[in-house]
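What follows is a predicted structure for the sequence shown.
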Amino acid sequence: MNELQLIQSKIYEIRGQKVMLDFDLAEMYEVETRVLNQAVKRNIERFPDDFMFQLTAEEWQKMSSQFVMTSRSKRPKTAMPLAFTEHGVVMLSSVLRSNIAIQTSILIVRAFVAIRQLIANPPVDRVGELEKQMKELKDYIEEVFTDYNDINEDTRMQLELINRTLAELQARKKIEEKPRNPIGFR
């Protein structure tokens, strides 16, 4: 799995928005979750509600049932994770100010853009496309065979008329070639 796919697998939809959670971001930025959250709290004015929000206990419960809890289970029971939108992730790189943070933010923004493009331009339904082509091909073949059978009928009738005409001509020829009785004295 390449880096972009790995990042995309950590993008969740919460409250109708594509977001990444603080512990996933901390792991990617190679810092502890508490260090990331402290940096955010020191610069809270950079993170309005459309950049970052805290999960409710219900949202967290629903989310935590979706994936295996490892180091995430070490999170204090009272502290709910922070969710960062694409803009919040960009702002994080300015708060953390490390080369890893900048490079990781670039990759994360690319992942968000890729997801947005995928939503805007869903992949073509290959099976549906093949079914459509098969139906068109089947209809075409049936039409060709129908035309062939029609031509075949017409050809049979024409051949039958030719055979009758030939039979009549042969009958006339036999009559014409029949030895005549000589005229006159024998």
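Everything's here; your move. Numbers count the residues shown, from 1 in each chain.

Tell me if I'm right that Ala83 and Phe51 touch.
No. Ala83 lies out of contact with Phe51 (Cβ atoms under 8 Å); the separation is 10.0 Å. (Glycine included, C-beta is placed from N, CA and C.)

neighbour-wise, which of these two wins?
Ala83 (24 against 18; other Cβ atoms under 10 Å).

Helix or strand: which one has the residue lying closest to the more buried one once chain neighbours are set aside?
Among residues not flanking Ala83 along the chain, Val19 sits closest, at 4.0 Å (Cβ to Cβ, 6 or more residues apart in numbering). Val19 belongs to strand 17-21 when assigned by DSSP states H and E.

Give the partner strands of that strand in its sheet and their orientations.
strand 12-14 (antiparallel), strand 82-84 (antiparallel) (DSSP bridges).

For it, buried residues please.
Neighbour counts over strand 17-21 (16 or more other Cβ atoms under 10 Å) mark 18-21 as buried.

any idea which of those residues is closest to Lys41?
Leu21 (16.3 Å; Cβ to Cβ).

Could you give the bridge partners of the closest one?
Residues in a beta bridge with Leu21, per DSSP bridges, are Ala83.

wait, isn't it in contact with Leu82?
Yes. Applying Cβ under 8 Å, one finds Leu21 in contact with Leu82, separated by 7.2 Å.

Pull up the overlap in contacts between those two.
Common contacts of Leu21 and Leu82 (Cβ atoms under 8 Å, 6 or more residues apart in numbering): Leu55.

Just the residues contacting the next helix or strand after the strand holding Val19, thanks.
Sequence-wise, the next helix or strand downstream of strand 17-21 (DSSP H and E) is helix 22-29. Contact with helix 22-29 is made by 7, 10, 32-33, 35-37, 40, 71-72, 75, 81-84, 89, 92, 96, 98, 100-101, 104, 108, as judged by Cβ under 8 Å, 6+ apart.

so for helix 22-29, what's the average pLDDT?
Taken as a whole, helix 22-29 has a mean pLDDT of 88.

In that helix, which of the residues would be classed as buried?
For helix 22-29, the buried set under the neighbour-count rule, 16+ other Cβ under 10 Å, comprises 22-29.

Report the inter-axis angle for it versus strand 17-21.
Using axes from the mean of the first three to the mean of the last three Cα atoms, to 10 degrees, the inter-axis angle of helix 22-29 relative to strand 17-21 is 70 degrees.

Can I get the following helix or strand past helix 22-29 as PDB, trimmed to CA atoms?
Sequence-wise, the next helix or strand downstream of helix 22-29 (DSSP H and E) is helix 33-42. The C-alpha coordinates for helix 33-42 follow below in PDB (Å, rounded to 0.1, in the frame of the first residue of the first chain):
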ATOM      1  CA  THR A  33      -0.800  12.800  20.200                       C
ATOM      2  CA  ARG A  34      -0.600  15.000  23.300                       C
ATOM      3  CA  VAL A  35       2.200  17.100  21.700                       C
ATOM      4  CA  LEU A  36       0.000  17.600  18.600                       C
ATOM      5  CA  ASN A  37      -3.000  18.500  20.800                       C
ATOM      6  CA  GLN A  38      -0.900  20.900  22.900                       C
ATOM      7  CA  ALA A  39       0.300  22.700  19.800                       C
ATOM      8  CA  VAL A  40      -3.300  23.000  18.600                       C
ATOM      9  CA  LYS A  41      -4.500  24.400  22.000                       C
ATOM     10  CA  ARG A  42      -1.600  27.000  22.000                       C
END
